[in-house]
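Enquirer: I would like the atomic coordinates for the input below:
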Amino acid sequence: MGLDAPSAKVLIEDEALRDGLQMEARIFSLEEKHQIFQLLKAAGIPRIQVGSFVHPKIVPQMADTDDFIQAIPEADRHLISALILNAKGLERALTSDVRHLSMSVSVSDTHSRKNARLPAAEALDAMAELIRQALSSGLDVRAGLQCAFGCVYEGPIAEMAVLKATEKMVQTGVKEINLADTTGMATPLTIRSLIQRVREAFPDIRISLHLHDTRGLGLANMFAGYEAGIRIFDTCAGGLGGCPFVKGAAGNVPTEDAVHMFEGMGVATGIAIETLCEAVAFLEDKLARQLPGRMKRVLEQRRSCE
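Expert: So this is what the prediction gives:
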């Protein structure tokens, strides 16, 4: 089924352990990562991206992704996902017992050269082949397109370029396409427009959104996506996140703020916001700073007034 049926329920994937931590200078230990995972799990997060299989010298925060996944109990493996950017990453993933993968490339040539060290067209062809390998190995895969709504180096990205890249991904057999606003350049209008074009061209494909809040439009874009029929969204507890290869990149939409918005609209997330804010508090304590998410502070103020 292509167009998601009208639903008062969304799936939120928290990526604080991957997209969130990859920008931090402080290296989190396996024990600390496990504590974050347990807090997110206790809050009811249905899918948690726990890391990426990338070169440890380039993103040292992700150096222990293999060990971290192995340390997660078998009973919790259904909750986890990981990011793959190249053949070596897939090789590592296949030995780690992770069952859900995000496999993405950039539609911006400049960003692709910085992020994957390949021209966008070459990276797309290579990733399409890797996705076929992952699917044939029995893994659940979603294909991702980074910078789908714009690039700080190249400016606006033509919707036709996104459609052509989507077609290449769809030909692999994947059932979900993740459109990423890597640079936070999207607006509600561009969100609606691109989603409509992708849906019209590929009616049998699920679409998910990965949004950044660089320009303060994260929640507005998320709401626009929901109105356009999207039911799967990526977020980060506390609003952590950003891309190491995008100048000025800010964090993702805070998970707790997204939960508040959806639950306030009568849209079920299955996530307990107060428990989730315990994970935010843990992150703030370890990072020794206040994170951008608002709902933790709102709840603290509410309790102080009781």
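Enquirer: Output the below-cut-off pLDDT ranges for the stretch 1-150 of the chain.
Expert: Along the stretch 1-150 of the chain, segments meeting pLDDT under 70 span 1-7.
Enquirer: which residues of it fall in strands?
Expert: 11-14, 47-53, 80-84, 100-106, 140-146 (DSSP state E, counting those that start in this stretch).
Enquirer: for the fourth one, the distance to its chain's centre please.
Expert: Okay, so that is strand 100-106. In terms of Cα atoms, centre = their mean, to the nearest Å, the centre of strand 100-106 is found 10 Å from the chain centre.
Enquirer: longest helix of this structure?
Expert: Scanning the chain for the helix with the most residues, using DSSP state H, yields helix 120-136.
Enquirer: what's in contact with it?
Expert: Residues outside helix 120-136 that contact it (Cβ atoms under 8 Å, 6 or more residues apart in numbering): 84, 86-87, 90, 93-94, 101, 103-109, 111-113, 116, 118, 141, 143, 165, 168-169, 171-174. (Glycine included, C-beta is placed from N, CA and C.)
Enquirer: tell me which residues in that helix are buried?
Expert: Across helix 120-136, burial judged by 16 or more other Cβ atoms under 10 Å covers A120, A123, L124, A126, M127, A128, L130, I131, Q133, A134, L135.
Enquirer: Mind telling me which residue is nearest the centre of the protein?
Expert: D234 (4.1 Å; Cα atoms, centre = their mean).
Enquirer: Tell me the pLDDT of that residue.
Expert: Looking at D234, its pLDDT is 98.
Enquirer: do the same with the one 10 residues further on
Expert: Looking at P244, its pLDDT reads 57.
Enquirer: hang on, the earlier thing: filter the contacts of helix 120-136 to the buried ones?
Expert: Applying 16+ other Cβ under 10 Å to the contacts of helix 120-136 flags 84, 86, 90, 93-94, 101, 103-109, 111-113, 116, 118, 141, 143, 165, 168-169, 172, 174 as buried.
Enquirer: okay, the longest helix of the chain in PDB with CA atoms only?
Expert: Written as PDB, here are the backbone C-alpha positions of helix 120-136 (Å, rounded to 0.1, in the frame of the first residue of the first chain):
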ATOM      1  CA  ALA A 120      26.800  11.800  -6.100                       C
ATOM      2  CA  ALA A 121      26.100   9.700  -9.200                       C
ATOM      3  CA  GLU A 122      28.800   7.200  -8.300                       C
ATOM      4  CA  ALA A 123      27.700   7.000  -4.700                       C
ATOM      5  CA  LEU A 124      24.200   6.400  -5.800                       C
ATOM      6  CA  ASP A 125      25.100   3.500  -8.100                       C
ATOM      7  CA  ALA A 126      27.400   1.900  -5.500                       C
ATOM      8  CA  MET A 127      24.700   2.200  -2.700                       C
ATOM      9  CA  ALA A 128      22.000   0.700  -4.900                       C
ATOM     10  CA  GLU A 129      24.200  -2.400  -5.300                       C
ATOM     11  CA  LEU A 130      24.900  -2.500  -1.600                       C
ATOM     12  CA  ILE A 131      21.200  -2.300  -0.800                       C
ATOM     13  CA  ARG A 132      20.500  -5.200  -3.100                       C
ATOM     14  CA  GLN A 133      23.100  -7.200  -1.200                       C
ATOM     15  CA  ALA A 134      21.600  -6.200   2.200                       C
ATOM     16  CA  LEU A 135      18.100  -7.200   1.000                       C
ATOM     17  CA  SER A 136      19.300 -10.500  -0.300                       C
END
